[in-house]
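Visitor: Please work out how this folds:
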Amino acid sequence: MASGSAHFRLKQWFHRTGWRSTIIATPYVWLLAFFFLPFLIVLVMSLATQADVSPPFAFGTEWPYVTFDNIARLFEDSLYIRAYLISISNAAITTVICLIIGYPMALCLTRVGKTWRNIFLMLVILPFWTSFLLRVYAWIGLMGTNSWFNKGLTFLYNTLVPSDTALTSIPMMNSNFAVILVMVYSYLPFMVLPLYANLERLDFTLNEASMDLGSRPWRVFLDITLPLSIPGIIAGGLLVFIPASGEFVIPSLVGDASDPMIGRVIGDEFTAARDWPMASTVAVALLILLVLPTMAYTHFDSKAQAAREPNP
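Guide: Here you go, the predicted model:
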């Protein structure tokens, strides 16, 4: 009888607010299980010391049981500071190039017919149908000295920049240029899609009204289209900059080992050096470096939007 009553109450709860509460709670459970708990584990691990055990870290036997030496080492060792700077600069350059290439692509998608729009959208998403690792290896082949891509760029360089000694090939592999090139190719769709979603919602009658009042096309773009597309630019920029800053696969395969990005440093600390506490410290610092500005922007942007809304 009690079980039947409990089943009835549970059924009533699902009929009233249960499904809504379950749907709302699902993303929070996901974040708790796959973000906060792993982050907490990494944070605790960053306060340990390297040890010759498995797993290779240990805590002290006396209060406070933790150490902050890893944090001090993070600021004292030039390797980590240099890797952070290289990562941020490469990610920033990648984001700017993706914006320069992706904005006209997204704007073009909003101006073509529905049939061609679907085809172009499929072409933008098409690279995701192939393994990410396979695409990076394809670029390794393209940047090789005997590839048609390298020979074409070499011919173009020799034609535009004549000199007494013509280049036989352009060295592209194992450089920051190769890292940025492959990252631009890999993350360009993350810039195009948010921009397209934003530009598609714009009211193009504003552009027509502006041109009817005598504005030139470039003026219409600067005064209307560009300001209204800033949310899409920011969303696309964050989607490109954040993963590019911590990129591991691309710098490991095509980058220069003497100029490592921070993702490669973290991987080397975990595997080759087996210094899990230091690797965790570097990872936590990278997360804080990327998340705090994003949270600050979200906070001030929400306050600005609230201030712009009319009071009831």
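
Visitor: Tell me, how many residues neighbour Leu85?
Guide: 12 (other Cβ atoms under 10 Å). The C-beta positions use only the backbone N, C-alpha and C, and glycine is treated the same way.

Visitor: Against Asn176, how distant is it?
Guide: 12 Å (Cβ to Cβ, to the nearest Å).

Visitor: what does Leu188 give?
Guide: 18 Å.

Visitor: of the two, who's got more company?
Guide: Between Leu188 and Asn176, counting by other Cβ under 10 Å, Leu188 is the more crowded of the two (21 against 17).

Visitor: a helix runs through that one, doesn't it?
Guide: Yes: using DSSP: H, G, I helix; E, B strand; the rest coil, the assignment for Leu188 is a helix.

Visitor: residues contacting it?
Guide: The contact partners of Leu188, by Cβ atoms under 8 Å, 6 or more residues apart in numbering, come to 98, 101-102.

Visitor: Let me have those in CSV, extended by distance to Glu247.
Guide: Formatted as CSV, the contacts of Leu188 follow (distance: Cβ to Cβ, whole Å):
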residue, distance to Glu247
Cys98, 13
Ile101, 18
Gly102, 18
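
Visitor: Can you tell me which of those are classed as buried?
Guide: With neighbours counted by 16 or more other Cβ atoms under 10 Å, the contacts of Leu188 contain buried members at 98, 102.

Visitor: If we only consider the contacts of Leu188, which is nearest to Asp52?
Guide: Of all those, Asp52 sits closest to Cys98, with 44.4 Å by Cβ to Cβ.

Visitor: Is the residue lying closest to that closest one once chain neighbours are set aside part of a helix or strand, or is it coil?
Guide: Leaving aside its chain neighbours, Cys98 sits nearest to Met191 (4.1 Å; criterion: Cβ to Cβ, 6 or more residues apart in numbering). Following three-state DSSP, we place Met191 in the helix state.

Visitor: Contacts only, for Met191.
Guide: 95, 98-99, 101-102, 106, 236-237, 239-240.

Visitor: Recalculate using a threshold of 7 Å.
Guide: 98-99, 102, 236, 240 (Cβ atoms under 7 Å, 6 or more residues apart in numbering).

Visitor: And the pLDDT at it?
Guide: We have a pLDDT of 94 for Met191.

Visitor: Equivalent analysis for the one 3 residues further on, please.
Guide: Among the per-residue scores, Pro194 shows a pLDDT of 92.

Visitor: Tyr185 versus that one, what's the distance?
Guide: Distance from Pro194 to Tyr185, by Cβ to Cβ: 18 Å.

Visitor: out of these two, which sits in the more crowded spot?
Guide: With neighbours defined as other Cβ under 10 Å, Pro194 and Tyr185 compare such that Pro194 has more, 23 against 19.
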